[in-house]
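> Compute the structure for the input listed below.
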Amino acid sequence: MASDDIFYSTVAAEIEQGRIDKVLWTKAFSHSGGTEAATKSLYVRYRVEQLAEEARSSQLRTFTSSTSRILLDLTSSVLVAIAVAFALPFILSGGSSSGWDSDLPVIQIVIFVGVLPLSFVHFRQMRRRRSHSSQVTPK
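Now for the predicted structure:
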């Protein structure tokens with residue numbers, strides 16, 4: 001089955017049911033020279049192109065939406081790791097930075113490198129839960 005067969009099948013069913021896009025039919029009529037057979041042929045071609053474009057647009061919207069969510073999760077993961085890396089040394093020292101000043105950047109880098117993978121795992125699991133919960137259909 002060719003990739004556009006589903007579109008031709010859809011158009012055939014629409015024509016059988018009398019569901020014709022009047023604007024598209026008029027366009028086909030004006031481009032066909034006014035003959036019935038040529039109008040129908042052009043209408044089918046235009047409608048198949050229209051359905052294919054709608055399918056491509058839908059796929060692009062889905063891809064864009066998924067990509068945006070992934071980027072948001074990755075950004076959140078990095079921000080969590082940065083926050084922990086900067087806050088943890090001060091929390092562990094009771095709010096005082098004395099004695100840590102010279103080693104603080106090294107400690108923060110070590111914490112950041114340690115926390116980042118954990119935050120990635122956490123946000124990936126959250127994303128999986130969201131996608132599973134959105135796929136559940138109510139009874």
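
> Could you list the low-confidence segments of the chain?
In the predicted model, the chain carries pLDDT under 70 at residues 1-2, 89-108, 118-120, 122-123, 127, 130-139.

> Longest helix in it, by number of residues?
helix 36-92 (DSSP state H).

> So what's the gap between that helix and the chain middle?
Put simply, helix 36-92 sits 2 Å off its chain's centre (C-alpha atoms, centre = their mean, to the nearest Å).

> Can you name every helix or strand that it contacts?
helix 5-16, helix 22-32, helix 104-135 (3 or more C-beta pairs under 8 Å, 6 or more residues apart in numbering; DSSP states H and E). The C-beta positions use only the backbone N, C-alpha and C, and glycine is treated the same way.

> quick one, the first one and helix 36-92 angle?
Here helix 5-16 runs at an angle of 130 degrees relative to helix 36-92 (axes from the mean of the first three to the mean of the last three C-alpha atoms, to 10 degrees).

> Contacts for helix 5-16 next, please.
20, 40, 44, 47-48, 51-52, 55 (C-beta atoms under 8 Å, 6 or more residues apart in numbering).

> Can you tell me which of those are buried?
Among these, those classed as buried by 16 or more other C-beta atoms under 10 Å are 40, 44, 47-48, 51.

> For residue 51, give me its contacts.
7, 10-11.

> 6 Å instead?
residue 7 (C-beta atoms under 6 Å, 6 or more residues apart in numbering).

> ok, how many other residues are close to residue 84?
For residue 84, the neighbour count with other C-beta atoms under 10 Å is 19.

> what about residue 83, distance to residue 33?
Note on residue 83: its distance to residue 33, by C-beta to C-beta, to the nearest Å, is 69 Å.

> who has more neighbours, those two?
Taking neighbours as other C-beta under 10 Å, residue 83 and residue 33 compare with residue 83 leading, 13 against 9.

> Nearest to residue 76 among the buried ones among the contacts of helix 5-16?
Comparing the buried ones among the contacts of helix 5-16 against residue 76 with C-beta to C-beta picks out residue 51 as the nearest, at 37.7 Å.
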